[in-house]
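Asks: Sequence first, then the predicted structure:
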Amino acid sequence: MDIVVRNASGKPIYEQIASQIKNLILGGALKEGGALPSMRRLAQELRISVITTKRAYEELEREGLISSVPGKGSFVACKDPEWIREEHLRMVEELLRRAADMARRGGISLEELTGVLAMFYEEEA
């Protein structure tokens with residue numbers, strides 16, 4: 001699992017870790033039931049405190065993305081497809097909110113913004 005921590009980032013390290021693991025889960029790179037590295041192992045790999053990795057895992061557990069089994073480790077939780085769709089929709093809404101704010105500040109009309117979005121949506125991935 002490739003996690004990159006940036007000390008210069010404005011986000012706390014535990015949030016960077018949680019966010020990247022969340023994206024791996026939602027993107028399908030981490031599958032349901034798949035084991036995550038132990039908190040100690042991840043802390044060693046990233047050269048950070050175990051407390052920081054523990055906090056990241058706790059955050060993911062609160063969101064229902066992982067489940068921890070004492071003595072066994074942490075695993076990707078089972079999620080129904082509707083929940084995953086809703087989570088993607090929430091993330092898209094936040095990005096579109098930021099894009100709309102930026103467009104308004106830049107004098108870009110709704111029609112222009114919609115046209116750009118349509119162009120990107122129609123592109124092949």
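Replies: Received the coordinates, thanks. Numbers count the residues shown, from 1 in each chain.

Asks: alpha carbons only for contacts and neighbour counts from here, please
Replies: Fine.

Asks: By mean pLDDT, which helix or strand of the chain comes out lowest?
Replies: Sorting the helices and strands of the chain by mean pLDDT, DSSP states H and E puts helix 81-105 at the bottom, at a mean of 89.

Asks: From the contact counts, what lies against that helix?
Replies: Packing partners of helix 81-105 (3 or more CA pairs under 8 Å, 6 or more residues apart in numbering; DSSP states H and E): none among the helices and strands.

Asks: now what about the following helix or strand past that helix, what contacts it?
Replies: Next helix or strand after helix 81-105 toward the C-terminus (DSSP states H and E): helix 110-122. With contact meaning CA atoms under 8 Å, 6 or more residues apart in numbering, helix 110-122 is reached by 100, 103.

Asks: With just CA atoms, put helix 110-122 into PDB.
Replies: Listed next in PDB are the C-alpha coordinates belonging to helix 110-122 (Å, rounded to 0.1, in the frame of the first residue of the first chain):
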ATOM      1  CA  LEU A 110     -22.800  28.900 -15.500                       C
ATOM      2  CA  GLU A 111     -23.100  27.900 -19.100                       C
ATOM      3  CA  GLU A 112     -19.300  27.900 -19.600                       C
ATOM      4  CA  LEU A 113     -18.800  25.900 -16.400                       C
ATOM      5  CA  THR A 114     -21.500  23.400 -17.500                       C
ATOM      6  CA  GLY A 115     -19.900  23.100 -20.900                       C
ATOM      7  CA  VAL A 116     -16.500  22.400 -19.400                       C
ATOM      8  CA  LEU A 117     -18.000  19.800 -17.000                       C
ATOM      9  CA  ALA A 118     -19.800  18.200 -19.900                       C
ATOM     10  CA  MET A 119     -16.600  18.000 -22.000                       C
ATOM     11  CA  PHE A 120     -14.700  16.300 -19.100                       C
ATOM     12  CA  TYR A 121     -17.600  13.900 -18.400                       C
ATOM     13  CA  GLU A 122     -17.800  12.900 -22.100                       C
END
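
Asks: and that helix with helix 81-105, angle?
Replies: With axes from the mean of the first three to the mean of the last three CA atoms, to 10 degrees defining the directions, helix 110-122 sits at 140 degrees from helix 81-105.
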